[in-house]
Every structure is written in structure tokens, then in C-alpha cells.
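# Structure for this input, please:
(one chain, ligands or ions: 1)
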Amino acid sequence: LIASAMMLAPASVMAADLTIGFSQIGSESGWRAAETTVTKQEAEKRGIDLKFADAQQKQENQIKAIRSFIAQDVDAILLAPVVATGWDEVLEEAKDAEIPVLLLDRTVDASEDLYLTAVTSDLVHEGEVAGKWLVEEMAGKPCNVVELQGTTGSSPAIDRKKGFEQGIAGHDNLKIIRSQTGDFTRSQGKVVMESFLKAEGGANICALYAHNDDMAVGAIQAIKEAGLKPGQDIKIVSIDSVPDIHLAMAAGEANATIELTPNMAGPALDALEAYLSSGTTPPKWIQTESRLYTLKDDNQAVYEAKKGLGY
Ligand code: GZL
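Here you go, the predicted structure:
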């Protein structure tokens, strides 16, 4: 009788019994904070008991958290992997414990049988959209570009760099003259942009490509402190579409951003429930959409719409 009742139980009832561990990278950016907020909301909606661990952007802390979740025998693990390598051993341990691992917003260089699915945007495509936007914006005019890379060794830093280079390929008027990591943070974005300005002189820099909006917001501060006009003297394109970049765009201090949804957990938890309740194996990649915003959009309205969403 119980078995048949369970068979009839809607997924939400099934989820009520789930305990899930979430190894989150940290809170390095507004986007990351929003992802944490939304993930907790998505778990709450499903009656899931979410065990949250913040790694302060250190892989060893993520590995410790995963081992703790395995020891607690959780039903599944959500992992936003800070870097792409070094996961094989701990993912093998989760596999041996028959605990499915689902990747959020970044991928790992590990065998696909070590995770159930990865919910991410097309990170190369995002970089390509940014590159193509700059090609169109400059319309053949010479432009020296500086690049603020994301966390070294992370899949977004690797893929967004590759995509941007693909986007500007064949347009020799665009040259990347400096490229360095700002670790996805506002503070490092400002420090590294200051070093670019000091090394090159503001007059020699035409555009900034930042792998996320938070580094761009930090760079905007550095550009202003150098007596230059961000968005005019130096064009700025970045990725995430956090509220503050739309505020900058509304003031003409940044030029374009590519939206990354903070809701990776919704699709991940749906795939997990289908897997646990009816054995449906999800695709190894569940892709989220990317959308370009420019000064043609009503950025003040976008800012107002986004500012309450946990960024
Ligand atoms: C990309 C994600 C990145 C965001 C940053 O999928 O991993 O990490 O673009 C965040 O804001 O730090």
C-alpha cells in the first residue's frame, strides 16, 4: 500500500524527504550572491533540506564540504566548481557512495560519468557575443582592448577568453594589449585596471572586456579616478547583467552586458527529481540562455527589476 502511495506521490512530496548538500564557491560577485539566494529559494519551494557550505573561493574547502556531505549520506550534491581541474578523486568518492553530483554555472575537466548533469550557460558564446559587439561598436576603427579575466583556471575564465578572441578574429583593428585576472571581484578589477592605466596611459586604451560585471564596476572606479570617462573614453563590455552594471549603463558609464541567469538550481533540481523519481537520466549539459543588453535598452528599468533579487 505504501509503495503504491509513493508511486502516486507528486514530485514535491518526493522532494520533501530530500537532503542536498550545496558546495558554493563563495560570494565573490553580486551574481554569485544572487545564485545563492535563488538556490535556497528553489530548495525551499521543493521542501528540500539544503546543507549550504561557502568555500571562500578555495577548492580545498569545496573538497572538504563534499566529503562532509558524503559522510552525512545526503541524497545529492550541488557543486559550483571554483576551478576546472582537481575534482576526480572526490567525485569518485561521491560516485562510490552513489550520491549524484550536479554542477552549477561552471564545468570540470573530469569524466562525464562523475556527475549527473551540468547546468551552465554557453560560456564561449558569451565571450563571442562580447567580441562581436565590440567589432560592431568600433566599425573598423583601431581599438586597443584590455581584458580582465575571471578566476584563473575556472571554466568561465578559460571559455570567455576563448570566445572573445573568436568574436574579434579577422578584425585586426581590435588588439588585446593587456590581459590579467581580476578574480571576478570588484576590488581586484579596480586594482588591475589601475595597473593597466598606469602601464599604458589612458589615451592608449580604447575598450575594456571584463569576464564579469563586478570587475567592470571596479574598473569604472579606476577609470574615473584617472580622470577619464568610462563608457566614452573607454568602452566597457562585460557579462552577468547584475543590477549595478545597468545603473552604470543608464548613466552612460558602461556600454554592454550579457545576461547570465542566477537560477541554475531550478533546472538542476527538476532534473534531479525526474532522475530520482522515475529514473530519467538528464543530458550531461543543460544550457541556460544568454541575452545581450546595450544602451538601446531601458537600463534604468532593468536595474529596478533586478535590484531586489538577492544580488
Ligand atoms: C559564470 C560564473 C561566474 C560569474 C561571476 O558561470 O561562474 O562566477 O560570471 C562569478 O560573476 O564569480
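
# any idea where the helices of the stretch 1-150 of the chain begin and end?
Using DSSP state H, counting those that start in this stretch, the helices assigned to the stretch 1-150 of the chain run over residues 2-8, 11-16, 30-45, 59-71, 88-96, 123-138.

# Which strands or helices does the last one pack on?
Helix 123-138 sits against helix 155-168, strand 174-181, strand 207-210, strand 235-240, strand 256-260, strand 290-294, with contacts defined as 3 or more CB pairs under 8 Å, 6 or more residues apart in numbering; DSSP states H and E. In short, each C-beta sits where N, CA and C put it, glycine included.

# same question, the third one
If contacts are counted by 3+ CB pairs under 8 Å, 6+ apart, helix 30-45 sits against strand 19-24, strand 49-54, helix 213-225, helix 265-278.

# Let's see that with 7 Å instead.
Contact partners of helix 30-45 among helices and strands, from 3 or more CB pairs under 7 Å, 6 or more residues apart in numbering; DSSP states H and E: strand 19-24, helix 265-278.

# and those, which is most packed in?
Mean neighbour count (mean count of other CB atoms under 10 Å) peaks for strand 19-24 among these, with a mean of 23.

# and that strand, anywhere near the ligand?
No: against the ligand, strand 19-24 shows no contacts by CB under 6 Å from any ligand atom, the least distance being 10.7 Å.

# For the stretch 51-200 of the chain, which residues are neighbours of the ligand?
Residues of the stretch 51-200 of the chain lying close to the ligand by CB under 6 Å from any ligand atom are Asp105, Arg106, Thr120, Ser121, Pro156, Phe184.

# Lys235 bridge partners, please.
Under DSSP bridges, the beta-bridge partners of Lys235 are Ala207.

# show me what contacts it?
With contact taken as CB atoms under 7 Å, 6 or more residues apart in numbering, Lys235 is in contact with Glu137, Cys206, Ala207, Asn255.

# 10 Å instead, please
133-134, 137-138, 143, 145, 205-209, 254-256 (CB atoms under 10 Å, 6 or more residues apart in numbering).

# Name the spans of the protein whose pLDDT lies under the cut-off.
Filtered on pLDDT under 70, the chain yields the residue ranges 1-16.

# Identify the bridge partners of Ile239.
For Ile239, the beta-bridge partners are Ile258 (DSSP bridges).

# on that earlier part again, possible to save the helices of the stretch 1-150 of the chain as JSON lines with mean neighbour count?
Below are those laid out as JSON lines (neighbours: other CB atoms under 10 Å):
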{"stretch": "helix 2-8", "mean neighbour count": "8"}
{"stretch": "helix 11-16", "mean neighbour count": "15"}
{"stretch": "helix 30-45", "mean neighbour count": "19"}
{"stretch": "helix 59-71", "mean neighbour count": "17"}
{"stretch": "helix 88-96", "mean neighbour count": "16"}
{"stretch": "helix 123-138", "mean neighbour count": "21"}
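
# Distance to Asn299 for these - can I get that in a markdown table?
Listed next are the helices of the stretch 1-150 of the chain as a markdown table, based on distance: least, CB to CB, whole Å:
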| stretch | distance to Asn299 |
| --- | --- |
| helix 2-8 | 49 |
| helix 11-16 | 37 |
| helix 30-45 | 16 |
| helix 59-71 | 35 |
| helix 88-96 | 41 |
| helix 123-138 | 15 |
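
# hang on, the earlier thing: the helices and strands packed on helix 123-138 into JSON lines, with extra columns for distance to Tyr303?
Listed next are the helices and strands packed on helix 123-138 as JSON lines, based on distance: least, CB to CB, whole Å:
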{"stretch": "helix 155-168", "distance to Tyr303": "23"}
{"stretch": "strand 174-181", "distance to Tyr303": "27"}
{"stretch": "strand 207-210", "distance to Tyr303": "18"}
{"stretch": "strand 235-240", "distance to Tyr303": "13"}
{"stretch": "strand 256-260", "distance to Tyr303": "11"}
{"stretch": "strand 290-294", "distance to Tyr303": "11"}
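
# so how far is Ser195 from the residue nearest to the spatial centre of the chain?
For the chain, Asp105 is the residue whose C-alpha lies nearest the centre (CA atoms, centre = their mean; 5.3 Å). Applying CB to CB, to the nearest Å, one obtains 28 Å for the distance of Asp105 from Ser195.

# Tell me, how many residues neighbour Pro282?
19 (other CB atoms under 10 Å).

# And for Thr120?
21.

# List the residues that contact it.
80, 103-107, 155-156, 159, 260, 264, 285-288.

# Go again with 8 Å.
Listed by CB atoms under 8 Å, 6 or more residues apart in numbering, the contact partners of Thr120 are Leu103, Leu104, Asp105, Arg106, Thr107, Ser155, Met264, Trp285, Ile286, Gln287, Thr288.

# Among the residues you listed, which lie within strands?
Judged by DSSP state E, the contacts of Thr120 include Leu103, Leu104, Trp285, Ile286, Gln287, Thr288 as members of strands.
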